[in-house]
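A.B. asks: Return a 3D structure for these sequence lines:
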Amino acid sequence: MIKVLKMVTGEEVLAEIISEEADRVKVKNPITIMMQRTQNGEIGMGFLPYLPYSESREFEFKTDHIVVCKEVDNEL
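C.D. replies: Numbers count the residues shown, from 1 in each chain. As a prediction, this is how the structure comes out:
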């Protein structure tokens, strides 16, 4: 299942959830969502790999570092 996580740092991370426990969430292939202004002045979304220089594409986040964890809107 793919979810978006809002971190206490303000980052928004989109990732495949591998497992959810009381104290941690394990994810696979996370990407960071970046809001950016386009050349014509509109606001758009950009995506960057989360920790792109890491050897692994699986990460664990402590739940106390996550503000919100929700399923992605498939309409987007």
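
A.B. asks: What residues sit buried inside stretch 6-20?
C.D. replies: Within stretch 6-20, the residues that count as buried by 16 or more other C-beta atoms under 10 Å are Glu12, Val13, Leu14, Ala15, Ile17. (Glycine included, C-beta is placed from N, CA and C.)

A.B. asks: Pull up the distance across that stretch, start to finish.
C.D. replies: Counting by C-alpha to C-alpha, to the nearest Å, you get 15 Å between the two ends of stretch 6-20.

A.B. asks: now do stretch 38-58
C.D. replies: 31 Å.

A.B. asks: List of residues touching that stretch?
C.D. replies: Applying C-beta atoms under 8 Å, 6 or more residues apart in numbering, the external contacts of stretch 38-58 come out as 13-15, 18, 26-37, 59.

A.B. asks: run the last query once more with 7 Å
C.D. replies: Stretch 38-58 has contacts (C-beta atoms under 7 Å, 6 or more residues apart in numbering) with 13, 18, 26-37, 59.

A.B. asks: Just the buried residues from those residues, in ChimeraX please.
C.D. replies: To isolate the buried members of the contacts of stretch 38-58 in ChimeraX, using 16+ other C-beta under 10 Å:
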select :13,27,30,32,59
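
A.B. asks: Please save the CA atoms from the helix or strand where Gln36 lies in PDB.
C.D. replies: Applying DSSP states H and E as the criterion places Gln36 in strand 24-37. This file holds the C-alpha atoms of strand 24-37, laid out as PDB (Å, rounded to 0.1, in the frame of the first residue of the first chain):
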ATOM      1  CA  ARG A  24       7.900   2.400  13.700                       C
ATOM      2  CA  VAL A  25       6.900   2.300  10.100                       C
ATOM      3  CA  LYS A  26       9.000   0.400   7.500                       C
ATOM      4  CA  VAL A  27       8.900   1.800   4.000                       C
ATOM      5  CA  LYS A  28      10.300   0.900   0.500                       C
ATOM      6  CA  ASN A  29      11.300   3.200  -2.300                       C
ATOM      7  CA  PRO A  30      10.400   6.500  -0.600                       C
ATOM      8  CA  ILE A  31      10.400   9.800  -2.400                       C
ATOM      9  CA  THR A  32      10.200  13.300  -1.100                       C
ATOM     10  CA  ILE A  33       7.500  15.600  -2.400                       C
ATOM     11  CA  MET A  34       8.700  19.100  -3.300                       C
ATOM     12  CA  MET A  35       6.400  22.000  -4.100                       C
ATOM     13  CA  GLN A  36       8.000  24.300  -6.700                       C
ATOM     14  CA  ARG A  37       7.000  27.200  -8.900                       C
END
